[in-house]
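In: Below are the sequence and a predicted model; questions follow.
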Amino acid sequence: MLIPVLIAIHVIAVVIWIGGVSFVTVVVFPMILRMEDSMEKVLFFQGTEHRFARIAKACVVVVGLTGGGLLQLTGEWKNLFTKAGIGPTVMLLVWCFYVLVLLFEKNLFKVMFKGEAQHDTRRVFVRLTGFHWVVMGLSLMAVGIGVYTGHAGGF
């Protein structure tokens, strides 16, 4: 009974988290890139990012806890980093990537932009958009591989 409940919570958190990343990538950033005023871009982004960041962080924690619980309850820990465990392994690696990005996002963005925000907000948002497309692609790959291996019994 616990495993289906954990799976449901896990999937709901993933849908909210990755759905939010996808929304920001395909809706919010194109809107920002069409704006003319640099200050308007920054304020719109900050308002959206601050609201979504808390939701994303909470979802990442829930996904980590439920994913870890599922690995433990199903005994799949032993299959990590093997062909049989490719689904959980990819999901774990993408989750770890997100955790690192969330933990070090301020430092990451300082390195990525090196003061450019004061000079060229368009360039900053183009880079952020590209970064989000990569993150979204990794996320969707993890979801796809996880679903496929979970229902097809592996590759």
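Out: Sure, I can see it. Residues are numbered from 1 along each chain as shown.
In: Check whether residue 59 really touches residue 13, as I assumed.
Out: Yes - between residue 59 and residue 13 there is a contact at 4.5 Å, judged by C-beta atoms under 8 Å. Quick note: C-beta positions are derived from backbone N, CA and C, even for glycine.
In: hey, where'd the helices end up in this protein?
Out: Assigned by DSSP state H, the helices in the chain fall at 2-23, 29-34, 38-74, 86-103, 105-113, 121-152.
In: Tell me the buried residues in the second one?
Out: The one in question is helix 29-34. By neighbour count with 16 or more other C-beta atoms under 10 Å, helix 29-34 contains the buried residues 29, 32.
In: Could you list the residues in contact with that helix?
Out: Under the contact criterion C-beta atoms under 8 Å, 6 or more residues apart in numbering, helix 29-34 has outside partners 41, 44-45, 122, 125-126, 128-129, 132.
In: now swap in the fourth one and tell me
Out: For helix 86-103, the external contacting residues (C-beta under 8 Å, 6+ apart) are 56-57, 60, 63-64, 67, 71, 76, 79-82, 108, 135, 138-139, 141-142, 145-146, 148-150, 154-155.
In: Drop the exposed ones from those residues and show what's left.
Out: Buried members of those, counted by 16+ other C-beta under 10 Å: 56, 60, 63-64, 67, 71, 76, 79, 135, 138-139, 142, 145-146, 149.
In: which two of the residues you listed lie the greatest distance from each other?
Out: Using C-beta to C-beta, the buried ones among the contacts of helix 86-103 span at most 27.9 Å, a distance reached by 56 and 79.
In: From the chain's centroid, how far away is the helix or strand of the chain with the lowest mean pLDDT?
Out: When each helix and strand of the chain is scored by mean pLDDT, DSSP states H and E, helix 105-113 comes last, with a mean of 75. In terms of C-alpha atoms, centre = their mean, to the nearest Å, the centre of helix 105-113 is found 17 Å from the chain centre.
In: go on, stretch 122-129?
Out: 18 Å.
In: cool, stretch 120-134 as well?
Out: Centroid separation for stretch 120-134 versus its chain: 16 Å, with C-alpha atoms, centre = their mean.
In: Could you report the separation of the residue nearest to residue 141 when sequence neighbours are not counted from residue 125?
Out: Take residue 141 and drop its neighbours on the chain: the residue closest to it by C-beta to C-beta, 6 or more residues apart in numbering is residue 90, 7.0 Å away. For residue 90, the distance to residue 125 equals 29 Å [C-beta to C-beta, to the nearest Å].
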